[in-house]
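>>> Structure for this input, please:
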Amino acid sequence: MCRVHPDGNGCEYLSRGEKNGGSGDAVSPSRLTVWKKSSMSFQGTDGFTVFDQRGGLVFRVDNYSRKGQCAHGGGGLVLMDGVGNALLTLRPQALSMQCQWHAYKGENDCAKRTPDLRVFSMRRSSLLFHKNSNIEAEVFLGGGCAKHGRAPDFAIEGSFTRRNCVIRSSTGELAAKISRKRANTAVLLGDDVFSLVVQPGFDPELAMAIIVILDRICRKPYTPVLCS
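Numbers count the residues shown, from 1 in each chain. This next block holds a predicted model:
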C-alpha cells in the first residue's frame, strides 16, 4: 500500500516560528498532502488530515457529523495544528443564499462571533454577479462583510469537487493550487487524497481553512442511479 503523505528529504511547510527567522526555506512552495479523513479512528467521524513532505501531521479537522453543511445554521468546524491547538473556527452564516461562512481566530464560541475577531469571510460564487462561471467561491479578508460591491481579496477558480482548482489574489496572482495526487506516474489516487501547493507569502493555514469551507459549500456532481 502506498503512503498517503508525500516523499521528500525536507519539510517545506514553514511553522510560524520558522517564518519569523527560523531555518525554513521561505522561497519554496509549501507542498502538503490533504487526506479527507479525520485523524480520529472512530466510525462516523468526518474531517481532514494534512501531512507535510516528511509525513508529519501539520493540520487536522475532526468532526463527528455533517451538520456543518450550509443548510444548517450551526455546526462550526475547528482547524487545528498537528498537536490539536485550535487555529481557526469556521462557522456558516444562517440563512445565507450563497452559503457564506466566517472564520474566527482560535476556538471561538457563539458569544465571541463578532466582526472584530473575524479573520475572513467566504461565500459561494453566484452567476448573477459574475460573468466568469469558472469562479467557484470568493474570500474577503478581515471583519468586513462581502457587500456594497466590495471586490473579493481571493477567488477560487476551477472545480474543487474534481480536485482541480486554484486560489488567486485580486490581482490574479497564484496563491495556491489544489490537484489530484499521484502515487506514481501510472497510479492516480482517489479524490479523498489530493495535493495542496501553497506559494510563498500565502499562509498554508488560510489555504487549508479555505479547503475545509469549499468541502462544505461546493455542489457535489450529480450521479444518476441506475436500476437493474
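>>> before we move on, what SS does Arg31 have?
strand (DSSP: H, G, I helix; E, B strand; the rest coil).
>>> For the remainder of this discussion, apply numbering that starts at 28.
All set: I'll call the first residue 28, so the last point we hit is now Arg58.
>>> ok, it to Gly82 distance?
The gap separating Arg58 from Gly82 is 12 Å, by C-beta to C-beta, to the nearest Å. Bear in mind the C-beta positions are built from the backbone N, C-alpha and C, glycine included.
>>> cool, Asp218 as well?
Asp218 is 21 Å from Gly82, by C-beta to C-beta.
>>> still on that earlier bit, Arg58 and Gly82: which has the busier surroundings?
Neighbour count, other C-beta atoms under 10 Å: between Arg58 and Gly82, Arg58 has more, with 17 against 14.
>>> On the pLDDT front, check that one for me.
Predicted confidence (pLDDT) for Arg58: 96.
>>> So it is in contact with Ser222, correct?
Yes: with contact defined as C-beta atoms under 8 Å, Arg58 counts as touching Ser222 (7.1 Å).
>>> Tell me how many other residues crowd the closest residue to Asp219 other than its chain neighbours.
Closest residue to Asp219 apart from its sequence neighbours, by C-beta to C-beta, 6 or more residues apart in numbering: Lys63 at 4.3 Å. The tally of other residues near Lys63 (other C-beta under 10 Å) stands at 17.
>>> next one: phi and psi at Lys63?
phi -80, psi 70 (degrees, to the nearest 10).
>>> neighbouring strands for the helix or strand hosting Arg87, and are they parallel or not?
Taking DSSP states H and E as the definition, one finds Arg87 inside strand 84-90. Paired neighbours of strand 84-90 in the sheet (DSSP bridges): strand 73-78 (antiparallel), strand 104-108 (antiparallel).
>>> looking only at pLDDT, what's the mean for it?
The model assigns strand 84-90 a mean pLDDT of 91.
>>> Is Ile194 located within a strand, as I assumed?
Yes: Ile194: assigned to a strand according to three-state DSSP.
>>> Tell me what it is bridged to.
With DSSP bridges as the rule, Ile194 is bridged to Ile183, Ala203.
>>> what's the distance between it and Ala213?
29 Å.
>>> So these two - more neighbours on which side?
More crowded of Ile194 and Ala213, by other C-beta under 10 Å: Ile194, with 26 against 6.
>>> and the more buried one, what is it in contact with?
166, 181-183, 201-205, 229, 234, 237 (C-beta atoms under 8 Å, 6 or more residues apart in numbering).
>>> State the pLDDT value of it.
Checking the pLDDT column for Ile194, the value is 98.
>>> With Glu184 instead?
Confidence at Glu184, expressed as pLDDT, is 96.
>>> And Ser160, by the same measure?
At Ser160, pLDDT is 74.
>>> Same check on Ser148?
Value for Ser148, per-residue pLDDT: 93.
>>> Now name the helix or strand holding it.
In the assignment (DSSP H and E), Ser148 maps to strand 145-151.
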